[in-house]
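**Student:** Predicted coordinates and the sequence they were generated for:
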Amino acid sequence: MDEHKLGYKGNDVLQELEILTLNAKAAQELILRKILEKNHVTEYLNQFMNGSTDISAFKSQVPVVTYDVVQPYIARIAAGEPSSILCGEQIVELLRSSGTSRGEPRLMPSISEDLYRRTYLYSLIMPIMNKRAKHVLRLGAVFASAFLRSISFLEQHWCDLVNDIRIGQLSSNITNSTCRLAIQSFLALPNPELADEIEVICSSGSWKGILGKLWPNVKYIEAVLTGTMAQYIPMLEFYSDGKIPLDGLKLIEDDEVVENDKLVSLVDVKVGCYYELVVTTFSGLYRYRVGDVLQVTGFYNRAAQFKFICRRNVILSVDSDKTNEEDLHNSVTCAKKLLENRNYLLLEYTSCTDTSTVPGHYVLFWEIKSTTYEGAATPCVPLDAQLLESCCIAVEEALDYVYRRCRAHDKSVGPLEIRLVEAGAFDGLMDLLVSQGSSINQYKTPR
């Protein structure tokens, strides 16, 4: 296994995947051994292992940690101290997380070889995709929410796009110099024919199936679609008219997982069980709890296949009730079917507890969009208070027994409330967090 060998193509890559998945345990141990050989002299590992590179010593002596533990080490590096605090190689950048889980971005160390490894992993993914069609065209983003935001932006600004293509010049509204330089190369000459084609498609009324109309040869949409990201599947199916496959394939390179606070080797996980991801990286994270809860869906050879479920310890609580992200997502999914029956889509949602009332209660903030365009044969049914009340009831009925007991018997939790926000509110929230340093590629709406 050589992450620098980026010339893998076609069957060679599929053969490489077979070797890796048939020997998953050996591959994991090889990666960990390489990490220890490169980083055993670091300040962090030295305090536990005294320069040893023994894997058994690493697993028995190095503690499982959260970001709170490693943050002081990362802060020292950010302040100018040597990378050898955490890493045997030079840390070339500190990447910001989205900050939506803990309220502020986390800094994650990265070394120059990380780019090669990411490229290597992606080179393994693409031939699997290529098996679906001889010439693959892909749409997507890391998270489904980010991809849908780009479609929403296009829906709002397609007229500007058409005009720019028609005259061969970039609008003065785009002020970022790097952006202008990158796009200007595509607008070297006017292209009125393409502008007319896009205008006809985008001005036709409903945007149902717009992706297939704008990109008729697209073969799949790729994005994370499990866990709470599954919320966006109805919107993707609306924009694709259900005719473009949705692909959520991702590869995870990791060391161990946590089951009931007990570490389990990657090859020893069980189908159907839930685990929290623990990783060790070349760039200085050791037995680090990522905070993602995964479910094992099966095995390919000896390699486990996972789907993302939720973030750990993200809950709503007023009294003895404890509602985590997955429970909230499942209950909202039940309720939004009532909206879809009335030709509405739930674009985004977030939640909080309101304890200013007695008793306190859950509050959901929803952004809703009608799928009925102006002039449609079937007019849109008004979004009235009765429909929203039915949604509140559906959410509460889908929550767990403890919540329902607190509501109906103990009276310690008040009625759930849904508040509608204006169009674009969640885009504004994303813009705010990105302006404060969050990563736009890693952004996920805080639940």
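**Tutor:** Perfect, thanks for sending it. Residues are numbered from 1 along each chain as shown.
**Student:** Domains in this structure, by residue range?
**Tutor:** 11-126+250-311, 133-244, 315-435 (automatic domain parsing).
**Student:** Make CSV out of the ones you listed and add distance to Thr445 and mean pLDDT.
**Tutor:** To be clear about C-beta, it is placed using only N, CA and C from the backbone, and glycine gets the same treatment. Formatted as CSV, the entries for the domains of the chain read as follows, by distance: least, CB to CB, whole Å; pLDDT from 0 to 100:
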stretch, distance to Thr445, mean pLDDT
domain 11-126+250-311, 7, 79
domain 133-244, 6, 81
domain 315-435, 6, 84
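**Student:** Can you add distance to Pro446 and mean neighbour count and give those domains back as JSON lines?
**Tutor:** JSON lines is the format used below for those (distance: least, CB to CB, whole Å; neighbours: other CB atoms under 10 Å):
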{"stretch": "domain 11-126+250-311", "distance to Pro446": "4", "mean neighbour count": "16"}
{"stretch": "domain 133-244", "distance to Pro446": "11", "mean neighbour count": "16"}
{"stretch": "domain 315-435", "distance to Pro446": "6", "mean neighbour count": "16"}
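**Student:** what's the closest of these to Lys444?
**Tutor:** For these, distance to Lys444 was read as CB to CB. The smallest value, 5.2 Å, belongs to domain 11-126+250-311.
**Student:** And the domains of the chain: which comes nearest Arg447?
**Tutor:** Closest of those to Arg447 is domain 315-435, at 5.3 Å (criterion: CB to CB).
**Student:** quick one: terminal-to-terminal distance for that closest one?
**Tutor:** Using CA to CA, to the nearest Å, one end of domain 315-435 lies 26 Å from the other.
**Student:** quick one: that domain to chain centroid distance?
**Tutor:** Distance of domain 315-435 from the chain centroid (CA atoms, centre = their mean, to the nearest Å) equals 21 Å.
**Student:** Over to stretch 231-239?
**Tutor:** Stretch 231-239 sits 15 Å away from the centroid of its parent chain (CA atoms, centre = their mean).
**Student:** Can I get that stretch in CSV, CA atoms only?
**Tutor:** The C-alpha trace of stretch 231-239 is given here as CSV (Å, rounded to 0.1, in the frame of the first residue of the first chain):
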residue,chain,number,x,y,z
GLN,A,231,-33.0,15.1,5.8
TYR,A,232,-31.9,16.6,2.4
ILE,A,233,-32.7,13.5,0.3
PRO,A,234,-36.3,14.7,-0.6
MET,A,235,-34.8,18.0,-1.8
LEU,A,236,-32.2,16.3,-3.9
GLU,A,237,-34.8,14.0,-5.4
PHE,A,238,-36.9,17.1,-6.1
TYR,A,239,-34.1,18.9,-8.0
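**Student:** which residues touch the longest helix anywhere in the chain?
**Tutor:** Counting residues, the longest helix found in the chain (DSSP state H) is helix 144-167. Among residues not part of helix 144-167, those counted as contacts by CB atoms under 8 Å, 6 or more residues apart in numbering are 139-141, 170-171, 173, 187, 190-192, 194-195, 198-199, 202, 207, 210-211, 221, 223-225, 229, 232-233, 235-236, 239, 347-348, 427, 430, 440-441, 443-445.
**Student:** what's the distance between the residue nearest to Asp241 when sequence neighbours are not counted and Arg138?
**Tutor:** By the measure of CB to CB, 6 or more residues apart in numbering, the closest residue to Asp241 outside its immediate chain neighbours is Gly209, 3.2 Å from it. Look at Gly209 and Arg138: by CB to CB, to the nearest Å, they are 18 Å apart.
**Student:** ok, so what distance separates the most centrally placed residue in the chain from Leu154?
**Tutor:** Averaging the C-alpha coordinates of the chain gives a centre point, and the residue nearest to it by CA atoms, centre = their mean is Phe143 (3.9 Å). When CB to CB is applied, the distance between Phe143 and Leu154 equals 17 Å.
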